[in-house]
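In: just to be clear, the model below is a prediction. Sequence and coordinates:
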Amino acid sequence: MTPLFARVAIIGIGLIGSSLARAIRTQGLAGTIACADANPDHAARAQALGVVDEAHTDPAAAARGADLVVLCMPIGAYAEVTQAIAPVLAPGAIVSDVGSVKQAAIAAIRPHLPEGVHLVPGHPIAGTEKSGPDAGFADLFPGRWFILTPLEDSDDTATRKVADLWRRCGMTVERMSPDHHDRVLAVTSHLPHLIAYTIVGTATNLEEQMRQEVVKYSASGFRDFTRIAASDPTMWRDVFLNNREAVLDSLQRFTEDLTALQRAIRWGEGDYLYQLFERTRDIRRGVVEARQA
Ligand SMILES: NC(=O)C1=CN([C@@H]2O[C@H](COP(=O)(O)OP(=O)(O)OC[C@H]3O[C@@H](n4cnc5c(N)ncnc54)[C@H](O)[C@@H]3O)[C@@H](O)[C@H]2O)C=CC1
Ligand SMILES: O=C(O)C(=O)Cc1ccc(O)cc1
């Protein structure tokens, strides 16, 4: 099959960037795969692993001559990187991204793009708590959702090509408005990460203060939270700072529900607890069935 793109530039060759590079290579989707990473060790490692044809520390060196540039860094670096690559982007080139927040991503990229360069933002709903080029793998994407959040004036052909890329990486592509994306992901991804960061912090503080062996004897519930709470601090700092309104809104609702639970425990309202837990168990069954379908 002919490659979809002549030259793809991946900026940020960590977990998602290197997984994308591997999938593009495995599926033969690009003539050349170039990457750039601000961390010279990551750029060198990507080259040594053979997941890219070229590795640079200067994003403009990777983006020069690319027909697709995919930003795969933490969102806080988007504006600076877009400014750096703007002078080398040719008319007709596509700039896309994989960021976990869409409205702020668009606001950081769009003002710096030259006329004639197409912006097609997106988000693969697939990942792990690990980071860096060694953590990536081509099989991260098959069977998972990819959310495309094209702008009202996004070019149709460019949007179709980005959708095709992710489909050929094995993902199911859905479209959403950036605003809707950010509200949905605040509840399904950002709030759970916030809760995990909190609970692991609370438990370890308790351990220090009360000399209890919380971590040593942790049951599986706590262990599951520690996996999520091991997620990359820079990436998640940027997610919370860039999806502030939606995260604060879902956090407000969560706090209200937690207060209701607190009251039910205090007043011995077993029926309330039972009914809630029964409902959430059904939700879990639905989630597992949806993944297996
Ligand atoms: N981790 C996950 O499970 C998922 C992450 N995402 C999104 O993907 C993006 C990347 O996340 P990961 O791959 O997990 O992180 P990562 O930490 O594994 O990789 C990020 C890479 O970007 C590089 N980088 C940082 N600043 C840079 C700059 N100014 N210029 C060039 N390179 C720079 C880092 O050195 C690192 O190699 C984030 O925007 C995140 O929101 C999306 C879906 C899932
Ligand atoms: O590791 C996990 O459980 C995740 O939730 C991975 C993940 C993290 C961030 C995203 O934007 C999408 C997926």
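Out: Now that the structure is in, tell me what you want to look at. Ligands and ions are numbered 1, 2, ... in the order given.
In: residue 157 in helix, strand or coil?
Out: Following DSSP: H, G, I helix; E, B strand; the rest coil, we place residue 157 in the helix state.
In: any idea how far ligand 1 is from it?
Out: Distance, residue 157 to ligand 1, using CB to the nearest ligand atom, to the nearest Å: 25 Å. Using the backbone N, CA and C atoms, a C-beta is placed for each residue, glycine as well.
In: now do stretch 216-224, average pLDDT.
Out: When pLDDT is averaged over stretch 216-224, the result is 80.
In: quick check: phi and psi at residue 70.
Out: phi -120, psi 120 (degrees, to the nearest 10).
In: residue contacts, it?
Out: Counting by CB atoms under 8 Å, 6 or more residues apart in numbering, residue 70 makes contact with 8, 9, 10, 11, 17, 20, 96, 97, 98.
In: which stretches of this protein aren't confidently modelled?
Out: 1, 292-293 (pLDDT under 70).
In: residues near the closest residue to ligand 2 within the stretch 151-293 of the chain, how many?
Out: Distances between the stretch 151-293 of the chain and ligand 2 by CB to the nearest ligand atom are smallest at residue 189, namely 5.3 Å. When neighbours are defined as other CB atoms under 10 Å, residue 189 has 18 of them.
In: the residue in the stretch 101-250 of the chain that ligand 1 sits nearest to: neighbour count?
Out: Nearest residue of the stretch 101-250 of the chain to ligand 1: residue 127, at 1.7 Å (CB to the nearest ligand atom). Using other CB under 10 Å, residue 127 has 20 neighbouring residues.
In: and it, that's in a strand?
Out: No. Counting by three-state DSSP, residue 127 is located in no strand; its state is coil.
In: was I right about it contacting residue 16?
Out: Yes. Using CB atoms under 8 Å, residue 127 is in contact with residue 16, at 6.6 Å.
In: so what sits against both of the two?
Out: residue 140.
In: distance from stretch 216-226 to the middle of the chain?
Out: Taking CA atoms, centre = their mean, to the nearest Å, the mean C-alpha location of stretch 216-226 is offset from the chain mean by 24 Å.
In: residue 124 is in contact with the residue of the stretch 151-293 of the chain closest to ligand 2, correct?
Out: No. In this structure, residue 189 is not within contact of residue 124 by CB under 8 Å, at 11.9 Å.
In: for the protein, what lies in contact range of ligand 2?
Out: Applying CB under 6 Å from any ligand atom, we find that the chain lies next to ligand 2 at 100, 125, 126, 127, 128, 129, 189, 228.
In: most surrounded residue in these?
Out: That'd be residue 100 among the residues of the chain next to ligand 2, by other CB under 10 Å, with 25 neighbours.
In: once you drop chain neighbours, what's closest to that one?
Out: residue 239 (5.1 Å; CB to CB, 6 or more residues apart in numbering).
In: give me every residue that touches the one you found.
Out: Contacts for residue 239 (CB under 8 Å, 6+ apart) come out as 75, 100, 101, 190, 193.
In: can we see that at 10 Å?
Out: Residues counted as contacts of residue 239 (CB atoms under 10 Å, 6 or more residues apart in numbering) are 74-76, 99-101, 104, 185-186, 189-190, 193-194, 231-232, 247.
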